[in-house]
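Q: A predicted structure for the sequence below; I have some questions about it.
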Amino acid sequence: MRKYVIAGNWKMNNTPAEAAALIEEMKPLVADAKCDVVLCVPFVDIAASVEAAKGSNIKIGAENVHFKASGAYTGEISAEMLTACGVEYVVIGHSERRQYFGETDQTVNLRTLAALNAGLKAIVCVGETLEQRELGYTETLLKYQTKMALTNVTEEQLKNVIIAYEPVWAIGTGVTATDDQADEGNGFVRAAVAEMFGEKAAEEITVQYGGSMNAKNAEGLLAKPNVDGGLIGGASLKAEDFSVVVHGVK
Ligand code: 13P
């Protein structure tokens, strides 16, 4: 029942020409994937990426979305603009946006609702800092972030939500959570979904792990019962590495 999804998050990397070339390289490598394959790319790479991915099993996502439909919000991009460009997924509430761009649990919730109302699939990111983990707040924080993000989301809309557990201390650091830490964190997220939407919805939702997931550690992480995919940063910038991660889903 549960859908496995491996999504790349390119962050602020690749020009449109580089995006097209990388996707061309990836296409044959991931064609036989046993999971959904998504690449979340910078806004300016969307057109080239959608074009390059045409006819393949690679879906294109964005890395953020604004919560208003239109108006005087200089520099922002609406959900409808994304769907009109062929975007199917969007990353919301990445810890880098929380850390550097003033993202809060409230704005994560508003963006999630805007994305879902426009028919996008939302990849909502949650995760604790090292300090929060050491203080023993991991479970409390993951449940709180998950519940805040999903406030006012309907049961029907929940089917278009993926939650990515990304411990902040594991992102871009080369320090991956152990298989058991990832499984435990994803389990806390799933428990929060169960408390809000019931056991069945919690069993069905896709919960990814993200944070230094790569060709070497993906298989072990993905073998854990609560890990239904990955959100991949650095390793999604290399076709070969990304393909190995994708094939970690057996
Ligand atoms: P890295 O895989 O580079 O650690 O990044 C993870 C991430 O932030 C994906 O959203």
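A: Structure's in. What do you need?
Q: The ligand contacts on this protein?
A: 9, 94, 166, 171-172, 210-213, 231-235 (C-beta under 6 Å from any ligand atom). For glycine as for every other residue, the C-beta is placed from the backbone atoms N, C-alpha and C.
Q: Can you say which of those residues are buried?
A: Neighbour-count burial (16 or more other C-beta atoms under 10 Å) applied to the residues of the chain next to the ligand gives 9, 94, 166, 171, 210-213, 231-235.
Q: just to revisit the earlier point, and the two most separated of the residues of the chain next to the ligand?
A: Longest distance between any two of these is 16.1 Å, between His94 and Ala235; criterion C-beta to C-beta.
Q: ok so, going back, in strands, which of the buried ones among the residues of the chain next to the ligand fall?
A: Using DSSP state E, the members of those that fall in strands are 9, 210, 231-232.
Q: circling back: mind putting the residues of the chain next to the ligand into TSV with pLDDT?
A: What follows is the residues of the chain next to the ligand, written out as TSV (pLDDT from 0 to 100):
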residue	pLDDT
Asn9	98
His94	98
Glu166	98
Ile171	94
Gly172	89
Gly210	98
Gly211	97
Ser212	96
Met213	97
Leu231	98
Ile232	98
Gly233	98
Gly234	98
Ala235	98
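Q: can you redo those residues as CSV with distance to Glu199?
A: Listed next are those as CSV, based on distance: C-beta to C-beta, whole Å:
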residue, distance to Glu199
Asn9, 30
His94, 28
Glu166, 25
Ile171, 30
Gly172, 35
Gly210, 25
Gly211, 27
Ser212, 31
Met213, 27
Leu231, 25
Ile232, 29
Gly233, 32
Gly234, 35
Ala235, 33
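Q: Which of the helices or strands spans the closest residue to Ile205 other than its chain neighbours?
A: Closest residue to Ile205 apart from its sequence neighbours, by C-beta to C-beta, 6 or more residues apart in numbering: Val193 at 5.4 Å. Val193 belongs to helix 179-197 when assigned by DSSP states H and E.
Q: Show me the contact partners of stretch 220-232.
A: Surrounding stretch 220-232, the residues in contact under the criterion C-beta atoms under 8 Å, 6 or more residues apart in numbering are 2-9, 35-36, 91, 123, 125, 162, 164, 166, 176-177, 179-180, 182-184, 186-187, 190, 206-210, 213-214, 218, 242, 245, 248-250.
Q: picking that back up, tell me the one among the residues of the chain next to the ligand nearest to the ligand.
A: Ranked by distance to the ligand (C-beta to the nearest ligand atom), the residues of the chain next to the ligand are led by Gly233 at 2.2 Å.
Q: Helices of the chain, residue ranges please.
A: Taking DSSP state H as the criterion, the chain carries its helices at 16-30, 46-53, 79-84, 95-100, 105-117, 130-134, 138-149, 155-158, 179-197, 199-204, 218-222, 239-246.
Q: No further queries at this time; thank you.
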